[in-house]
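Enquirer: need coordinates for the below:
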Amino acid sequence: MRLNMLDGNIHKLVVKYAEEYYTTNQCSKEEAPERGIVKAEMGIRKN
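Expert: Numbering: from 1, shown residues only. Below is the predicted model:
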């Protein structure tokens, strides 16, 4: 999984975002980490 290959700080962001997506029922358990990765990557590119 892509999650294992991420930098430590990015990994924490991804997990945070994935938890938010999953707990608010916006997506499935399988889809939440992928959405978290995309959101974290977008945030990094903005900076």
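Enquirer: elements contacting the helix or strand encompassing His11?
Expert: In this structure, His11 sits in helix 8-23 according to DSSP states H and E. Counting contacts by 3 or more CB pairs under 8 Å, 6 or more residues apart in numbering; DSSP states H and E, helix 8-23 is packed against helix 32-46. All C-beta atoms are positioned from the backbone trio N, CA, C, and that covers glycine.
Enquirer: what about the helix it packs on, distance to the chain center?
Expert: A distance of 5 Å separates the centroid of the chain from that of helix 32-46, by CA atoms, centre = their mean, to the nearest Å.
Enquirer: residues making contact with that helix?
Expert: The contact list for helix 32-46, computed with CB atoms under 8 Å, 6 or more residues apart in numbering, reads 1-3, 6, 10, 13-19, 21-22, 26-27.
Enquirer: remind me which residues of this protein are low pLDDT?
Expert: Counting by pLDDT under 70, the chain shows low-confidence ranges at 1-4, 47.
Enquirer: in contact with Glu31, which residues?
Expert: Counted by CB under 8 Å, 6+ apart, Glu31 has contacts Tyr21.
Enquirer: how much space between it and Met42?
Expert: Taking CB to CB, to the nearest Å as the measure, Glu31 falls 16 Å from Met42.
Enquirer: and what of Gly8?
Expert: Separation of Gly8 from Met42 (CB to CB) stands at 19 Å.
Enquirer: these two - which one has more neighbours?
Expert: Counting neighbours by other CB atoms under 10 Å for Gly8 and for Met42 shows that Met42 has the greater number, 9 against 6.
Enquirer: distance check, the residue lying closest to Tyr22 once chain neighbours are set aside against Thr24.
Expert: The shortest distance from Tyr22 to any residue other than its chain neighbours is 4.1 Å, reached at Ala32 (CB to CB, 6 or more residues apart in numbering). Using CB to CB, Ala32 is found at 10 Å from Thr24.
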